[in-house]
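[1] Quick check, what structure comes out for this input:
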Amino acid sequence: MVHMGEAVAWSPSSVDEHLLLGLVGGGLLSRHPGMKRPEWIVPPSVHREPDPSAGYVVSFVRLHERGFNVPAGRFMRALCHYYGVELHNFAPNAISQAASFVAVCEGFLGIEAHWDLWVHLFRCELHTVAGGARGLRRPVLAGGLTFALREGRKDKYIPGSMTSNNADWEKGWFYLCNDGAGLPAYTGKVLTERPGRWGRGVSDPAKREQLDLLTGALHRLAEKGLTVAAVIANFHW
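    Numbers count the residues shown, from 1 in each chain. Model (predicted):
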């Protein structure tokens, strides 16, 4: 039996203004207008863990490098609502999976991000780390939500694997303006269990015909050589 121990502590932020301006220059972060309500804030050195002001959430450099930006799109907001999570709960590869899915739907299938297709193809998993003692796991304060293709459906989507080069990504946190309150407010939520809805797929038989058409189109794209890596290389979400 797996037991859940104490959560892994936050690391002080390694972010500075130069780093965030680099994201701005690359089109991965909104410009800093220098107004009373800036688009982003470098955490003060006295903040050893996140403590954003009202109207701000906690984001990470790596999430923006993987395809996230504000204002958050409809699909991103739907992910937060359906899985019951906040922005800091997304692992970098979860953002990559979601962003590439949106790009495939819009750029190759010619449709808006299709929610039923998403839950048909992907399952949600809880990420934890070893706790030292046998059978003990520790929740993470950031990045506890990951996505993976469902078993038996990997041939229904374009091929690809997520990068494992995410070392120390959780140190790159900063405060991001929650434009229009599109994202859930930051509460420091920690994911400690996998709710049943995380594993649900599409059960309505009436929707299966359309899903078969869409997955057939994805299979043909894969046969032509389209990969997740190629999609990721060409988008900004």
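
[2] Tell me which helix or strand comes right after the particular helix or strand that has residue 147 in it.
    When elements are assigned from DSSP states H and E, residue 147 belongs to strand 145-149. Under the assignment DSSP H and E, the closest C-terminal helix or strand after strand 145-149 is strand 173-177.

[3] how near is the most centrally placed residue in the chain to residue 38?
    Closest residue to the average C-alpha location of the chain: residue 95 at 2.9 Å, with C-alpha atoms, centre = their mean. Distance of residue 95 to residue 38, computed by C-beta to C-beta, to the nearest Å: 23 Å. Any C-beta I mention is one placed from the backbone N, CA and C, and that applies to glycine too.

[4] The helix or strand containing residue 139 - what's its average pLDDT?
    Here residue 139 sits within strand 136-139, counting by DSSP H and E. The average pLDDT for strand 136-139 rounds to 88.

[5] ditto for stretch 156-168
    81.

[6] Show me which residues of the longest helix seen in the chain are buried.
    Ranked by number of residues, the top helix in the chain under DSSP state H is helix 205-223. By neighbour count on 16 or more other C-beta atoms under 10 Å, the buried set for helix 205-223 is 211, 214-215, 218, 221-222.

[7] what packs against it?
    Using 3 or more C-beta pairs under 8 Å, 6 or more residues apart in numbering; DSSP states H and E, the elements in contact with helix 205-223 are helix 115-121.

[8] check contacts around residue 92.
    Applying C-beta atoms under 8 Å, 6 or more residues apart in numbering, we find residue 92 in contact with 60, 62-63, 65-66, 143, 166, 169.

[9] what's the distance between it and residue 62?
    4 Å.

[10] List the residues that are in contact with both of those two.
    166, 169.

[11] Let me know how buried the residue nearest to residue 31 when sequence neighbours are not counted is, in neighbour terms.
    Leaving aside its chain neighbours, residue 31 sits nearest to residue 24 (5.6 Å; criterion: C-beta to C-beta, 6 or more residues apart in numbering). Residue 24: 15 surrounding residues under other C-beta atoms under 10 Å.
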